[in-house]
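Visitor: Everything below, folded, please.
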Amino acid sequence: MNLTRRKVGQALAVSGLWAAAPWVRARAAATKVRMVVFGQPSLGAFLQPVIKQRKLDLAHGIDLEFVERTPDAYLLEFNSGEFQVGGSAALLSIGVARDRGIKVSYLFNLNDYFGAVVTSRPDIHTLKDLAGKQLVAATATTNYAMFRWLMQREQVSLRDVAVTNTAPPGLLGYALADRADAVELWEPAYSQLIARKPSLRTLDLGIRKHWQAFSPGTSMPYLGVAAHDDWIAAHPELVKGLYQTFLQASAWVRGNPGAAAQLIAPTLPGSDATVLRGMIESNETLAMNVVDAAAARRGIEAVYRAGLQSGYYKTPVDPASIYGVSLA
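Guide: Just a heads-up that it's a prediction; the model follows:
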C-alpha cells in the first residue's frame with residue numbers, strides 16, 4: 001500500500017505505534033522557533049527550503065517556522081520584539097538597532113558582502129563614468145550603504161550621480177528594460193540577470209582590494225541571524241542548534257550544488273536551476289560564509305568602522321551587539 005507520510009502517521013496513531021515514526025518523534029521533541037525573514041528573492045531566504053525539506057532543524061532539536069516579511073516590515077517587527085529571532089539580519093541594521101537602545105545581537109554570519117553595478121551604456125566602463133548618469137538602487141538597504149563606502153574608497157562622489165531609489169524587486173526590471181544608465185544590485189538577482197541579459201557589463205567595485213586594505217581579515221560579514229538578548233539568555237542551547245542547522249545546510253548546499261539548486265529554484269520566481277548551480281559552485285558572488293560572530297569579530301568590527309567612515313553611523317557601535325560565545 002503506497003501511503004503518504006501523513007497517512008502513515010495517521011495509521012501509526014490509530015494502531016498505537018505513533019512513537020515508531022522517527023519524523024514524528026523528532027518534531028514532537030523539537031522546540032518551536034518563529035524566525036522572521038525576507039521573502040524571495042533574498043539571501044535571507046536562500047537556505048530555508050534546504051533546511052525544511054531536509055529537516056535539518058528537527059535534527060538539531062528545533063522546529064523552525066520561517067515567517068516572510070518585506071524589508072520594512074521585517075525591521076519593524078524584529079526591532080519591536082514581535083519576533084525574537086531574525087534570519088535576514090543585515091549586520092549594519094543590527095548596529096543601528098543597538099545604537100537606538102534595542103538589545104539585539106548578531107549571532108552568526110550567513111553571507112559576506114557582494115554588490116554589483118551593471119550597465120549596457122557604451123560610455124560607462126568604470127565607476128567614475130557614472131558622473132552625470134542615472135543610477136537606480138535600493139537606497140534604503142544596507143547593501144547600498146556598503147556600496148556608498150566602496151564609492152568613497154574609489155573617490156567617486158555620489159553627489160555627481162543621479163541616484164533613483166526603488167524597492168529591491170524593481171532592480172531586475174530596470175536592468176532588463178534598460179530604463180536606467182546603471183543599476184546596483186546583488187545576489188540572487190545578479191546571476192539571474194546576467195544569465196538573461198549577458199550583454200550587460202559589470203563595473204569593478206574593487207571589493208576585495210578595498211577590504212583587504214581596510215580590514216585585518218578577508219571576510220566581510222554582511223547578512224546573518226540575530227536575536228534579542230533576553231531570548232538569547234533564556235535559550236543558549238537553541239542558539240547553538242540554530243547555528244548548527246544553518247552550518248549543516250550551507251555545507252550540504254556547497255557539497256551538492258545540483259540538488260540544492262533544484263530545491264531552491266522553485267522558491268525563487270523566474271530562477272534557472274542551472275544558473276543557481278553555477279552561483280553555488282563558484283560562491284564568488286553568493287559569498288556564503290556561515291561562521292559564528294565570535295570567530296568573525298574582527299570582520300564585524302571592520303564593517304562597523306566602515307559604516308562609521310561612510311556616515312551610516314554617527315557614533316561607534318556597541319561591541320555587545322556581537323555575540324561572544326563560540327558556537328563551533
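
Visitor: what about Asp65, which SS state?
Guide: Quick fix: residue 65 reads Glu, not Asp. At Glu65 the chain is in strand, as set by DSSP: H, G, I helix; E, B strand; the rest coil.

Visitor: Touching, it and Lys32? I think so.
Guide: Yes - under the criterion of C-beta atoms under 8 Å, Glu65 makes contact with Lys32 at 6.5 Å. Backbone N, C-alpha and C define where each C-beta goes, glycine included.

Visitor: more neighbours, those two?
Guide: The neighbour comparison of Glu65 against Lys32 (other C-beta atoms under 10 Å) goes to Glu65, with 12 against 9.

Visitor: hey, where'd the helices end up in the stretch 101-250 of the chain?
Guide: 142-153, 168-177, 189-196, 207-214, 229-234, 236-255 (DSSP state H, counting those that start in this stretch).

Visitor: In CSV: these, plus mean pLDDT, distance to Asp99 and mean neighbour count.
Guide: Listed next are these as CSV, based on pLDDT from 0 to 100; distance: least, C-beta to C-beta, whole Å; neighbours: other C-beta atoms under 10 Å:
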stretch, mean pLDDT, distance to Asp99, mean neighbour count
helix 142-153, 96, 14, 22
helix 168-177, 93, 24, 17
helix 189-196, 95, 29, 20
helix 207-214, 96, 21, 15
helix 229-234, 98, 15, 14
helix 236-255, 98, 23, 19
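
Visitor: Pipe the ones you listed into CSV and attach distance to Lys52 per row.
Guide: As requested, the helices of the stretch 101-250 of the chain are exported to CSV (distance: least, C-beta to C-beta, whole Å):
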stretch, distance to Lys52
helix 142-153, 26
helix 168-177, 23
helix 189-196, 22
helix 207-214, 32
helix 229-234, 21
helix 236-255, 10
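
Visitor: The ones you listed: which one's closest to Val317?
Guide: Among the helices of the stretch 101-250 of the chain, helix 142-153 comes nearest to Val317, with 13.0 Å by C-beta to C-beta.

Visitor: What are the contacting residues of that closest one?
Guide: Outside of helix 142-153, the residues within contact range by C-beta atoms under 8 Å, 6 or more residues apart in numbering are 90-93, 113, 115, 117, 127, 137-138, 157-158, 184, 186, 205-207, 210, 214, 222, 303, 306-307, 309-310, 312.

Visitor: ok, 7 Å please
Guide: Applying C-beta atoms under 7 Å, 6 or more residues apart in numbering, the external contacts of helix 142-153 come out as 90, 92-93, 113, 115, 127, 137-138, 158, 184, 186, 205-207, 210, 306-307, 309-310, 312.

Visitor: One more: stretch 115-126?
Guide: Residues outside stretch 115-126 that contact it (C-beta under 7 Å, 6+ apart): 129-130, 133, 143, 146-147, 175, 178, 181-186, 190, 193, 199-203, 205.
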